[in-house]
Structure formats: C-alpha cells, structure tokens
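# Need coordinates for the below:
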Amino acid sequence: MKFTQSWLTRHSKIKLPSEKISEALTNIGLEVESIIKPNKNLKNFKVAKIINISKHPNADKLKVCDVDIGKNKIKVVCGADNARKDLVTVFAPPGTIIPKNNLKLEVAKIRGVESFGMLCSESELNISNESSGIIELKNYKLGENFFKSEEDVFDISITPNRSDCLGVKGIARDLYASGYGKVLNNSKISLKFSSKKKTKVSIQKNSGCLQFGSLVIEGVKNCESPSWLKNHLRSIGLKPISAIVDITNFVMIDLNRPMHAYDLDKINKEIIVRKSKINEKFEALDDKEYTLPENSCLITDKSRILGLGGIIGGKFSSISEDTKDILLEAAAFDPISISRTSKKLSLITDAKYRFERGVDPFSIEEGLKLAAKLISQICGGKVGKISIIGKKNSIKTQIKYDPDFFQQKIGFNAPKKKQVEILNKLGFTIKKSGKYLNLQVPTWRPDISKPECITEEILRIIGLDKIPSNKPDAKKINETLNYHQKLFHLLQRSFATRGYKETISWTFTDSKLDKFFSNNIKKIENPISSDLDCLRSSNFTNLLIQLKNNIDRSYTNIPIFEIGPYFKEDYRQKIAATAIFSGNKTFSSWIEPDKEISIFDIKEDLFYILSDIGFDIENLYLKRSLKNYYHPGKSGEIYLNENSKDCLASFGEIHPLITKNIGINKFKPCGFEIYLDNIPAPKLSQRLSKQEFKKSNLQIVERDFAVIFDKNVTAQEIEKQIKNTNPSLIKSIDFFDLYEGENIDPKKKSLAIKVVFEPKNETLKDQEIEGFCNDIVSSFKSLGGSLRS
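Residues are numbered from 1 along each chain as shown. Have a look, this model is predicted:
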C-alpha cells in the first residue's frame with residue numbers, strides 16, 4: 001500500500017517528518033517497508049510541443065522535430081510513429097537520467113543529425129509498459145515540470161486482517177488513535193441530485209454479490225484529469241487514464257472502496273448480477289478473453305457480460321472520450337467467491353486484492369458520493385439518486401469487555417480511561433454497563449470478534465515498546481517442556497535410531513485417498529489445491545503419497561515417519577506418530593538373499609520405540625486390528641492392558657485396495673501408528689527407569705514343546721498361560737515354528753515353543769524341571785491345547 005503525506009492530510013491534520021511518521025506506523029503494526037524519496041532527476045523532464053517536423057535525410061524511420069520547451073526551441077531526432085506537429089509530449093534534455101535503464105542522455109549525432117535530447121514514452125519513464133509511441137498530453141503548460149510531486153512516498157506492508165488500511169483513511173485513523181494528527185470528519189459529502197434517471201438492478205440468489213450500489217450521472221465530458229489528481233496517482237505508481245477512471249482509482253486508494261464506471265449508453269436496459277454458466281467467455285479491460293469458471297459473479301445486462309464482479313470490468317461497456325452518461329457501481333462481494341474466481345483465472349487486480357480481504361459494506365454510499373462529487377466538479381453532468389439493493393448486514397459485532405481483562409492478558413495495567421479513549425478513536429461505539437464496556441465493533445474491522453482482539457488493539461496502539469521488562473527468576477521453578485512435548489522429541493530420536501527419516505506435510509490431503517480412512521470426509525470450503533481438499537483422517541494418507549513419489553523416482557527402500565495431527569470423524573484433532581516402510585529390509589549378498597519388509601519387521605520397530613519411550617512391552621496387550629485400512633489378516637492393535645479401552649498403537653500391512661488405488665503395485669507397504677493422546681502422562685513416582693542387568697551364575701534350562709491348538713488361539717494367550725505357571729523362574733518364551741497341513745486338523749495349528757528357565761538361588765533338579773514342565777502342559781490344556789505326538 002503506497003501513499004504520500006499530502007494524501008494523508010486529506011483525512012488528518014498531521015505535520016511530521018517522514019521518518020517520524022514511518023516510526024509511528026511501524027509501532028502500531030503497519031510496517032513501513034520503504035520510504036521512496038523523490039528522484040531529483042525527475043525535475044529535468046519538461047512538457048514540450050512539436051512545432052515542426054521533417055523527414056530525416058539519412059533514415060526512413062526517423063524524424064527531425066523542432067520542439068518548443070517554453071523558453072527556447074531545440075531539435076530532437078525521434079523515431080516514434082505518433083510524433084507529429086502540435087503534439088504535446090514529455091522532453092528530456094541532455095544530462096537527464098532515464099528511469100527505465102538509468103542511461104544518461106548526451107547530445108548525440110544520429111545518422112548525421114544532431115539531437116539535443118529525447119522525446120519520451122511511458123515505458124521509458126516507468127509509468128507503464130506502453131512503448132509503441134511517445135506520451136501524448138493535453139491541458140499542460142509548455143516548459144512546466146512533468147513530474148510535480150516532490151514528496152516522499154510511504155510503502156507499507158498490510159497484513160491480511162487489516163483490509164481497512166488498504167485505504168488512506170484507515171491509516172489516518174490508526175495514526176490518530178496512537179496520538180498523531182487529528183482526524184478530519186469529511187465523510188459527510190453534500191451532493192445535489194439533479195438527474196431523475198435510474199438503471200434497474202437485480203441480484204440473483206447465490207450470485208456472490210451481497211449489495212449493489214449505483215447512481216447515474218448524465219451529460220459528463222470525460223476529459224483529462226487535473227494535475228492534482230494525476231500527481232496523486234503517479235506518485236503511487238498508477239497511470240492516469242481519463243478523469244472518470246482516475247477518480248474511481250482515487251476513491252479506491254482513498255477510502256478502500258473499489259468502484260467501477262460503465263458507459264450507460266452501452267447497457268441494454270438493466271443490470272443483472274448473476275452466476276456464470278459453464279464455459280462463458282468474457283473480454284476484459286486488459287484486452288484478454290477469459291473462459292469463466294462456473295459460479296463466478298458476473299455483472300451483466302439483457303444481452304452480454306459487462307464485468308467480472310469485484311475483479312475487472314468488461315471492454316465493451318468501458319468508459320471512452322465519447323462517453324456522455326455513466327453508471328457508477330460500488331458493491332459488496334463475497335470474499336471467498338472473489339478469491340476462488342481470481343485463482344482459477346490467474347487474474348490479480350487492485351479490486352480483487354481488496355474484496356478478497358473484505359471491504360466495508362457501509363462504505364458504499366460514501367464512495368458513490370465522493371466519486372460523483374469529483375466527477376461532477378471535473379467532468380460536469382447531472383447526478384442521479386443513489387440506489388443500494390441487496391442484503392445489508394444489520395448485525396454488527398457486539399463484545400462485552402472488562403477493562404481489567406487487559407492486565408490479566410498482557411501483564412501490565414492500562415487505565416480504563418486510556419482504553420476507552422483508544423477504542424473511541426479507533427471507531428468503536430461504547431456503552432458503559434457497570435465495570436463492563438459494551439462495545440460495537442466498527443464495520444470496517446470484521447477481524448475483531450472477542451475480548452482478546454480488544455486487548456490486542458489497545459496494546460498495539462499503546463505500543464509494544466511500552467510493555468515493562470521484568471528480570472527473569474533466578475530459580476527454575478517449572479520444567480520448560482511438558483510431558484507430551486518431551487515425548488514428541490523422544491519419539492523423533494527413537495524413530496531415527498531405527499533408520500526412519502522424518503517428513504512434515506500438510507494436515508490437508510486428497511479426499512480420493514482419505515475416503516479409505518474415514519466414513520466422514522472433512523471437506524475444506526476453499527482448498528489451496530484440488531488434491532488438498534479435506535482434513536486428513538490419518539497421517540497414512542500423506543505418507544502414502546510421499547511413498548508413491550519416492551517409488552516413482554526409484555527410491556524404493558526409504559522408511560519415513562511423521563508426528564502430527566489428524567482429525568477424527570467428529571472433527572476433533574488428535575496427534576499420532578505414524579511410520580510407513582516398503583521395499584526390502586535387507587539386500588542380497590553372499591551371506592543372505594533379499595528380504596522384503598513384513599508385518600513382523602514393523603511390529604519389531606514399533607515395540608522397540610514403545611520400549612524406548614518407557615513402556616514395559618512384556619505387559620502390553622495385543623489383539624487383532626479392526627481398522628479397515630490394514631490388511632485384515634496382517635494387522636494388530638496394542639493396549640496398555642487387557643481391560644484398557646484406549647488403543648496405544650496399531651500396525652499392519654496397508655490394505656491392498658488402498659495401495660492399488662494410489663498406484664503402488666510392486667510393493668506391500670507396512671506401517672504403524674502411535675496415538676500420543678492415548679499415552680498417559682506418568683506420575684513422578686511411577687516413571688519407569690531402566691533396570692540394572694543381572695545375570696545368574698546358575699545353569700539355565702531349555703525345554704521345547706510341540707503343541708496343537710485351535711487356529712483362533714493367539715500366541716499372546718499361550719505366552720501368558722506359560723508365564724503364570726512360574727513368573728520368577730521363566731526367563732523367556734519363544735515360538736520358533738508353525739505347522740499347518742498333513743496329519744493336522746484343518747481347524748488347528750501346531751506350534752513349537754521354547755521355554756527357558758533361569759534359576760536364581762540353586763541349580764534345578766530333574767524332578768523340579770519335570771514338575772515345571774507338567775505345569776506348563778496343564779496350562780496348554782486350559783486353552784484347549786494338547787502335546788503333539
């Protein structure tokens with residue numbers, strides 16, 4: 001956003017050096033990116049007139065011009081096609097530096113004829129990209145400076161929530177609230193309505209237009225803008241075009257009120273605001289034809305499209321020198337509709353930039369009055385009455401605010417009187433109710449919705465530099481990180497030790513993939529792209545997309561993980577540490593062949609990480625997973641104990657339907673999830689610590705058992721029964737073989753189990769060992785098992 005100090009004084013009595021204004025703006029959150037100083041070389045550019053023209057004796061495309069620059073006459077060689085007698089243009093004498101290329105002009109012989117300067121195009125002066133001919137001027141005095149503004153230009157950065165400061169009036173208001181200048185009450189504009197002419201306007205439902213304000217001005221003469229207006233626009237980089245167009249641009253910068261002017265004689269009967277249909281075409285003011293996306297907001301008449309609402313006008317109904325009657329438009333558009341259409345067309349304009357951030361709908365009348373007054377003063381004409389149709393949002397944001405809330409939130413006290421003064425200056429309507437202030441938020445601040453916003457506004461105006469500094473406490477009372485923050489970093493390290501590489505992705509994903517992970521796709525109304533159109537239901541979605549990208553680039557054996565949020569079906573946000581792996585676990589060598597990753601490798605990694613973060617994996621409860629994105633026969637879930645309802649983690653091979661859908665055909669990706677929200681924060685007295693490793697000096701004893709069980713009996717159940725026979729003596733239990741087939745009932749399986757006994761006090765005798773083994777065999781029977789004969 002660019003403006004000059006003289007423009008600022010239209011709304012505020014302020015006389016300060018540029019550096020002081022810059023400091024004040026930055027302190028209240030309107031960061032000044034630069035102060036553009038006037039170029040001293042611009043003083044050299046003069047208004048001149050070609051009084052005679054002749055053909056160059058040695059070049060067909062060049063002309064020799066006699067140029068009157070006011071005080072004297074000189075010769076200039078020029079190649080522009082539009083150079084002609086009596087043309088008023090811009091002259092640069094020798095010694096002038098041309099802005100476009102920073103070249104210094106010198107007296108030069110051009111094909112044998114001396115040239116004492118240069119006649120300039122708009123492109124050479126950085127006014128526009130127009131370079132086909134020299135500048136053509138009207139109503140300029142010969143010999144006067146073409147560039148008259150010698151003011152500093154402020155270029156400030158506007159955050160998306162401060163659309164009100166995309167107008168000079170909003171900037172002046174903020175400066176006034178912070179104690180600089182005094183706001184002038186110039187919003188009440190007197191206007192004589194002398195024309196009875198009106199244009200019928202209708203707004204169709206869901207068109208993207210909320211309100212449409214208009215008025216007619218009859219009998220205008222669209223002349224060149226006066227110097228003050230052209231200088232205002234040129235100072236901020238806008239090219240003057242004609243008085244009517246320049247005035248609409250002026251009002252946009254002045255009030256943050258984008259407007260458009262139509263040639264009334266080119267409108268067929270009435271204005272109809274509607275949604276676009278599929279593949280409608282539209283020729284815009286930029287001389288380009290656009291194929292419009294469906295449901296774009298259009299300004300039309302009975303026969304054609306006149307404009308793309310809130311973005312750009314149409315060429316057909318544009319203002320020209322011959323325009324006699326005009327229709328002025330000031331409207332309120334749906335920001336989402338504007339943003340969506342602009343993005344699809346890759347079309348960015350000053351109006352679009354403002355409307356997608358939000359323009360005050362209550363500024364429609366003020367904008368129309370200011371524009372109509374300037375047009376009638378400069379171009380003449382009779383002004384018709386203002387017509388505003390559409391829904392006027394009468395519900396203004398109300399906030400109940402306690403001035404004591406400021407100290408609670410910010411940490412230091414601001415007197416109630418000071419807070420009220422600031423809010424008044426910012427445009428809030430205040431009614432006192434006991435210790436509370438009932439605030440009505442100004443319509444130009446749609447970003448303010450709660451008491452926290454009020455404290456932010458007050459602090460911004462008081463100044464962040466006014467917050468008193470406190471010395472930090474010498475003693476550290478509380479830990480810097482809470483348990484879950486520590487857990488996050490511990491998990492990162494643990495994954496890395498297992499060879500996983502971290503990835504960070506959007507919390508958005510592709511709904512075509514997310515449908516496999518949830519029955520309720522959480523659609524985003526205005527997605528940043530078509531393949532990021534919903535909130536992810538599992539971190540697996542984006543990991544699978546990245547895995548596919550890696551595989552397509554021949555990176556087939558990279559295990560990856562992400563710790564981040566996902567969203568449940570009721571939109572609650574949860575955190576999970578999720579990993580995925582495909583390809584080979586080991587590679588062929590003279591020792592061993594390739595080994596593809598399997599569910600058991602993933603399970604091993606998962607148990608290692610759970611152990612690393614403090615779980616006793618011997619006591620965790622494992623059962624089959626019911627999650628439909630895993631392979632139904634190759635997955636599992638882990639719980640804190642048998643009675644726990646909250647799943648700590650799940651693992652498994654990704655369902656073949658999902659991998660096929662995403663295009664992973666040669667591999668069988670496996671993965672796991674650890675649900676951080678279900679991990680209880682341990683009390684200090686309960687935190688697990690690594691136990692000292694103690695070995696026994698007594699002989700260990702190993703016994704193998706071959707047992708037949710029903711297929712639905714799990715290894716976990718068997719292991720639990722064995723361990724319960726003698727927990728202190730049994731060191732380990734291993735399942736080293738599974739057999740199903742000949743001589744075995746099809747509904748059963750044969751398991752080979754190794755049990756290791758480790759005595760603590762004395763060597764085990766044969767009779768004792770036999771007793772322990774009999775106890776183990778009895779435990780098998782409780783599960784329906786029997787020794788295989």
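
# who touches the lowest-mean-pLDDT helix or strand in the chain?
Scoring the helices and strands of the chain by mean pLDDT, DSSP states H and E places strand 584-586 at the bottom, with a mean of 78. With Cβ atoms under 8 Å, 6 or more residues apart in numbering as the test, strand 584-586 has contacts from Thr556, Asn557, Glu592, Asp594, Lys595, Glu596, Ile597, Ser598, Asp601. C-beta here means a position set from N, CA and C on the backbone, and glycine is covered the same way.

# low-confidence ranges in this structure?
For the chain, the stretches flagged by pLDDT under 70 are 39-41, 128, 149, 393-394, 472-478, 588, 682-693.

# So which residue is dead centre in it?
By Cα atoms, centre = their mean, the chain has its centre lying nearest to Ile528, at 7.8 Å.

# mind checking how far that one is from Phe540?
In this view, Ile528 and Phe540 are 21 Å apart by Cβ to Cβ, to the nearest Å.

# same deal with Phe672?
10 Å.

# overlap in contacts of these two?
Thr578.

# that older thread, show me what the closest residue to the residue nearest to the centre of the chain other than its chain neighbours is bridged to.
In space, and not counting its chain neighbours, Ile528 is closest to Phe508: 7.3 Å by Cβ to Cβ, 6 or more residues apart in numbering. Applying DSSP bridges to Phe508 gives these bridge partners: Leu535.

# what's stretch 407-423 in contact with?
Against stretch 407-423 from outside (Cβ under 8 Å, 6+ apart): 177, 403, 406, 430, 437, 439, 452, 454-455, 457-459, 461-462, 467-468.

# List the buried residues for that stretch?
By neighbour count on 16 or more other Cβ atoms under 10 Å, the buried set for stretch 407-423 is Ile410, Ala414, Gln419, Val420, Ile422, Leu423.

# Now for these: which two are most distant?
Pairwise distances across the buried residues of stretch 407-423 (Cβ to Cβ) peak at 16.5 Å, for the pair Ile410 and Val420.

# domain parsing for this protein?
For the chain, the structural domains run 2-38+151-177, 40-119, 193-390, 411-466, 483-685, 701-787, going by automatic domain parsing.

# closest one to Glu130 among the ones you listed?
Of all the domains of the chain, domain 193-390 comes closest under Cβ to Cβ, at 8.3 Å.

# What is the end-to-end distance of that closest one?
One end of domain 193-390 to the other measures 22 Å (Cα to Cα, to the nearest Å).

# Same check on stretch 781-789?
15 Å.

# what does that stretch contact?
By Cβ under 8 Å, 6+ apart, stretch 781-789 touches 705-710, 713, 717-718, 721, 750, 777, 780.

# secondary structure class for Asn58?
The three-state label given to Asn58 by DSSP: H, G, I helix; E, B strand; the rest coil is coil.

# wait, what's in contact with it?
Arg111, Gly112, Val113.

# now those: which count as buried?
Val113.

# which one among the contacts of Asn58 gets closest to Tyr483?
Arg111 (83.8 Å).

# can you list the buried residues of stretch 407-423 in TSV and add secondary structure and distance to Asp68?
Below are these laid out as TSV (DSSP: H, G, I helix; E, B strand; the rest coil; distance: Cβ to Cβ, whole Å):
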residue	secondary structure	distance to Asp68
Ile410	helix	66
Ala414	coil	64
Gln419	helix	64
Val420	helix	63
Ile422	helix	58
Leu423	helix	60
